[in-house]
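> Return a 3D structure for these sequence lines:
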Amino acid sequence: QVLLVESGGGLVQPGGSLRLTCVASGFTLDHHAVGWFRQAPGKEREGISCISSSGGSAYYVDSVKGRFTISRDNAKNTMYLQMNSLKPEDTAVYYCATVDNVCAVVAVDHWGQGTQVTVYS
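Next comes the predicted model:
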């Protein structure tokens, strides 16, 4: 059974940091590009960062550039999203996913169940 399980979400004040972790089971991540998506209340789900299968290239949406860092550890079948300088507008449910060639919802093969991130003042 293919599973992606996120953890690390929570409540944080503006300017704070969180690290999201996504562990894969039932398959190996090392042949897949992977990414992080988020969905804020009343908004569509969006791809915010993706990384190639080797980890050699990464994409970030403009709104998180310079603040978020995506990484992966293929030996641990795990991917991460380090989020710094968090803002209230980062509040959303965050999902990890495997993607096919582009960091977009339509290109997702497998979804995690999501983890809530709330940035409050």
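> who touches the residue nearest to the spatial centre of the chain in this structure?
Here the mean C-alpha position of the chain is nearest to the C-alpha of W36 (C-alpha atoms, centre = their mean), at a distance of 2.3 Å. Going by C-beta atoms under 8 Å, 6 or more residues apart in numbering, W36 touches 20, 22, 47-50, 68, 70, 79, 81, 94-97. Quick note: C-beta positions are derived from backbone N, CA and C, even for glycine.
> which non-adjacent residue is nearest S17?
Leaving aside its chain neighbours, S17 sits nearest to N84 (4.7 Å; criterion: C-beta to C-beta, 6 or more residues apart in numbering).
> contacting residues for that neighbour?
N84 touches S17, R67, F68, T69, counting by C-beta under 8 Å, 6+ apart.
> Tell me who's in contact with the second one.
Pointing back at R67 there. By C-beta under 8 Å, 6+ apart, the contact set of R67 is M83, N84, S85, L86.
> So in that sheet, which strands flank the helix or strand hosting M79, and in what orientation?
For M79, the element it lies in under DSSP states H and E is strand 78-83. Looking at strand 78-83 with DSSP bridges, its partner strands are strand 18-25 (antiparallel), strand 68-73 (antiparallel).
> Relative to V117, which of these is closest?
Closest to V117 of these is strand 18-25 (C-beta to C-beta; 6.2 Å).
> can you dump the C-alpha coordinates of the closest one into CSV?
Listed in CSV are the C-alpha atoms of strand 18-25, where the atom choice follows Å, rounded to 0.1, in the frame of the first residue of the first chain:
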residue,chain,number,x,y,z
LEU,A,18,8.4,24.7,11.5
ARG,A,19,9.9,21.7,9.8
LEU,A,20,7.5,19.4,8.0
THR,A,21,8.4,15.8,7.4
CYS,A,22,6.9,13.3,5.0
VAL,A,23,7.7,9.6,5.2
ALA,A,24,6.9,7.3,2.3
SER,A,25,6.0,3.6,2.7
